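**Q** coordinates only, sequence not included:
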């Protein structure tokens, strides 16, 4: 793979400083001069400029949501559009809270996302542990089944699922959106990959020699070892469940028992024509997750990167 | 029996408990000892049962839920597709054979939705992954506040489809939207982002790009950080510029990850739903179905037109397409690894 590089290199002036190419990248690179390799090289000014630009693009729609939410509907129908906050934020939020059912939606979504995250974490850890460290019949077949269904889109099973909850008379009830995503194939796979390397088999054996039952092994050996991955999986699942869209808008109704996404869909479909109220609703529905990102952003980023290497 | 001991093999503690039959029964004076012995036997039996059956208990909850809410519905969709089922009475089914599929074959809206799905999929996925690759490369440098940049790049991912789309609807407004205003300052006339075919598809794609670029960036970044340093060192020693290092070290090492993100993004593009639904505010995907995707069409047939059987047929068509895409991906992957082996 590196062959073409080698030929090109030998053709060049051999007396040249091997680090020379690095130095073209502006001030920072030169100051720290002796950067050893590509991945420890310092970013130059252009790098920072591009990153700042990307950051602005990433954040702008969110900031503008807040700006629009703090204005009046008539102000949003003027040119140029507003660039700074107005004084109507709390009034608009109040209208969204009551008229668009956002208050109930926030409570419901907290319950739904919390239960799904808890269920996914516990059951994924148990199953992931079994797949990583125990021996049993059909293990490989079952594991293949887990991996094979990891990426099946929810649309493929939505009709029977709807028929099922209609039969159980669960329409517009929270269990209708909690139970179908209560476990996750990705979670099982994620925990298995983590426990494969994080939990020494000797530790389980030692506990076994001491006569510990399976439940004690789970509680005193597996859970403590799995805790970092459980936290990451919990956060990722919570974010995903909070933002889940397709199934909730089929199973729930806006006027009855909505999640945040269902309530926002109602707003988007003309339930309330006031744009600034719609933006206030969008802001309300996003704020909890943004807060979580401010607090746990580092861990969430780490979790996604960790999952990527394993997957 | 032999199998059982084998299953329990990892525990040497097993050896402490002798086989159950005929223990110290000869000694009448040792009743207490016998009781003790029996208790130990029982415990060892229970222990062996525990070791043998507990794995099933651990995977059982997952597979119970999975069977009820994952596997069964997935398969039953095929059965429902052969029936006429109305949303108003979803539990009475009338068998119609392949009618739903033949109907779909001659349904212009289905082909329109398929075409839109592919187009929007391409113009959202390709730029997104290219940008993610470049961005990951930049974030891979040693930076001040690198964690800040990573978290910020991921914040769109924290924004739900609904919230993001509602904002973009306003930003893309024809008369008062921010984007047309900005274009106006450089002399471009107002663009109708909501009713033109290409413009609306571009607008919908841009929401997808905005939400997912950061996520894919992190995945690429993780893979880049796993590349051994000495590869770059030797490339630098050979006088390779940063760009050459990127081409000849980073890209080849990233090949499996790139393939992985392609698969995931393709599947995501196939089920695109929330963005087109909320961008137009209805299941038609624009006044002339300009950006109605397959997922949206499924929803319209099932939950607006009340034909659940037709919706199932669309679901199966999507499933076949996914299998096709997976196959193509697999073929490409095989060819890539082969050509790599040849080089």
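**A** Yep, it's here. On a predicted model such as this, the values are computed, not experimentally measured, just so you know.

**Q** correct me, but residue A:194 touches residue A:226?
**A** Yes: counting by Cβ atoms under 8 Å, residue A:194 does reach residue A:226; the two are 6.7 Å apart. For every residue, glycine as well, the C-beta is placed using N, CA and C.

**Q** Common neighbours of those two, please.
**A** Common contacts of residue A:194 and residue A:226 (Cβ atoms under 8 Å, 6 or more residues apart in numbering or on different chains): residue A:128.

**Q** Give me the below-cutoff pLDDT ranges for the chain.
**A** I went with chain A, as the question did not name one. Flagging of chain A using pLDDT under 70 yields the residue ranges A:1-40, A:271, A:308-311.

**Q** not what I meant, chain B
**A** For chain B, residues meeting the criterion pLDDT under 70 lie at B:1-29, B:338-343.

**Q** The stretch 101-250 of chain A: helices as residue ranges?
**A** For the stretch 101-250 of chain A, the helices defined by DSSP state H, counting those that start in this stretch cover A:102-133, A:139-148, A:158-167, A:175-178, A:185-198, A:201-209, A:214-217, A:223-243, A:246-251.

**Q** residues making contact with the fifth one?
**A** Right, helix A:185-198. Under Cβ under 8 Å, 6+ apart, the answer for helix A:185-198 is A:120-121, A:123-125, A:127-129, A:131-133, A:143, A:146-147, A:149-150, A:222, A:225-226, A:228-230, A:233, A:237, A:307, A:310-311, B:62, B:66, B:70.

**Q** One more pass at 7 Å, please.
**A** Residues outside helix A:185-198 that contact it (Cβ atoms under 7 Å, 6 or more residues apart in numbering or on different chains) are A:120, A:124-125, A:127-129, A:131-133, A:146-147, A:149-150, A:225-226, A:229, A:233, A:237, A:307, A:310, B:62.

**Q** How about the stretch 101-250 of chain A: which residue is closest to chain B?
**A** At 3.4 Å from chain B, residue A:157 is the closest residue in the stretch 101-250 of chain A, using Cβ to the nearest Cβ.

**Q** ok, now which ones touch that residue?
**A** Shown in contact with residue A:157 (Cβ under 7 Å, 6+ apart): B:70, B:73, B:74, B:77.

**Q** who's in contact with residue 165?
**A** Assuming you mean chain A. So residue A:165 contacts A:171, A:176, A:251 (Cβ under 7 Å, 6+ apart).

**Q** actually chain B
**A** Residues in contact with residue B:165 (Cβ under 7 Å, 6+ apart) are A:268, B:207, B:274, B:275, B:278, B:279.

**Q** nearest to residue A:261, of those?
**A** residue B:274 (8.0 Å; Cβ to Cβ).

**Q** What is the neighbour count of that closest one?
**A** 27 (other Cβ atoms under 10 Å in any protein chain shown).

**Q** so it makes contact with residue B:160?
**A** No: between residue B:274 and residue B:160 there is no contact under Cβ atoms under 7 Å: 8.2 Å.

**Q** where do the contact lists of those two overlap?
**A** residue A:245.

**Q** so whichever strand or helix holds residue B:52 versus helix A:139-148, what angle?
**A** Here residue B:52 sits within helix B:31-66, counting by DSSP states H and E. Using axes from the mean of the first three to the mean of the last three Cα atoms, to 10 degrees, the inter-axis angle of helix B:31-66 relative to helix A:139-148 is 30 degrees.

**Q** next one: helix B:31-66 to chain centre, how far?
**A** Relative to its chain's centre, helix B:31-66 lies at 38 Å (Cα atoms, centre = their mean, to the nearest Å).

**Q** For that helix, which helices and strands make contact with it?
**A** helix A:102-133, helix B:2-7 (3 or more Cβ pairs under 7 Å, 6 or more residues apart in numbering or on different chains; DSSP states H and E).

**Q** Can you report how many residues lie near whatever residue of the stretch 201-343 of chain B ends up closest to chain A?
**A** Per Cβ to the nearest Cβ, residue B:238 is where the stretch 201-343 of chain B lies closest to chain A, at 2.7 Å. Using other Cβ under 10 Å, residue B:238 has 21 neighbouring residues.

**Q** ditto for residue B:336
**A** By the measure other Cβ under 10 Å, the count of residues near residue B:336 is 15.

**Q** now the host helix or strand of it against helix A:158-167, angle please.
**A** In the assignment (DSSP H and E), residue B:336 maps to helix B:308-342. Angle, helix B:308-342 to helix A:158-167, by the same axes, to 10 degrees: 140 degrees.

**Q** quick revisit: of the helices and strands packed on helix B:31-66, flag the one that's most buried.
**A** Among these, helix A:102-133 has the highest mean neighbour count (mean count of other Cβ atoms under 10 Å in any protein chain shown), at a mean of 22.

**Q** That one vs chain B: in contact?
**A** Yes: shown here: helix A:102-133 in contact with chain B (Cβ under 7 Å from any Cβ of the partner chain) through A:123, A:126, A:127, A:129, A:130.

**Q** Not counting residues beside it along the chain, what's closest to the second one?
**A** Take residue A:126 and drop its neighbours on the chain: the residue closest to it by Cβ to Cβ, 6 or more residues apart in numbering or on different chains is residue B:58, 4.1 Å away.

**Q** Run through the residues that contact that neighbour.
**A** A:126, A:127, A:129, A:130.

**Q** In which helix or strand does the residue most central in space within chain B reside?
**A** Among the residues of chain B, the one closest to the centroid is residue B:264, at 5.3 Å (Cα atoms, centre = their mean). Using DSSP H and E, residue B:264 sits in helix B:251-270.

**Q** Pull out the buried residues from that helix.
**A** For helix B:251-270, the neighbour count (16 or more other Cβ atoms under 10 Å in any protein chain shown) marks B:253-254, B:257-270 as buried.

**Q** Could you do stretch B:130-147 as well?
**A** Of all the residues in stretch B:130-147, those buried under the rule 16+ other Cβ under 10 Å are B:131-141, B:143, B:146.

**Q** domains for the chain, by residue range?
**A** I went with chain A, as the question did not name one. A:3-40, A:45-88, A:96-310 (automatic domain parsing).

**Q** nope, chain B
**A** B:2-80, B:99-342.
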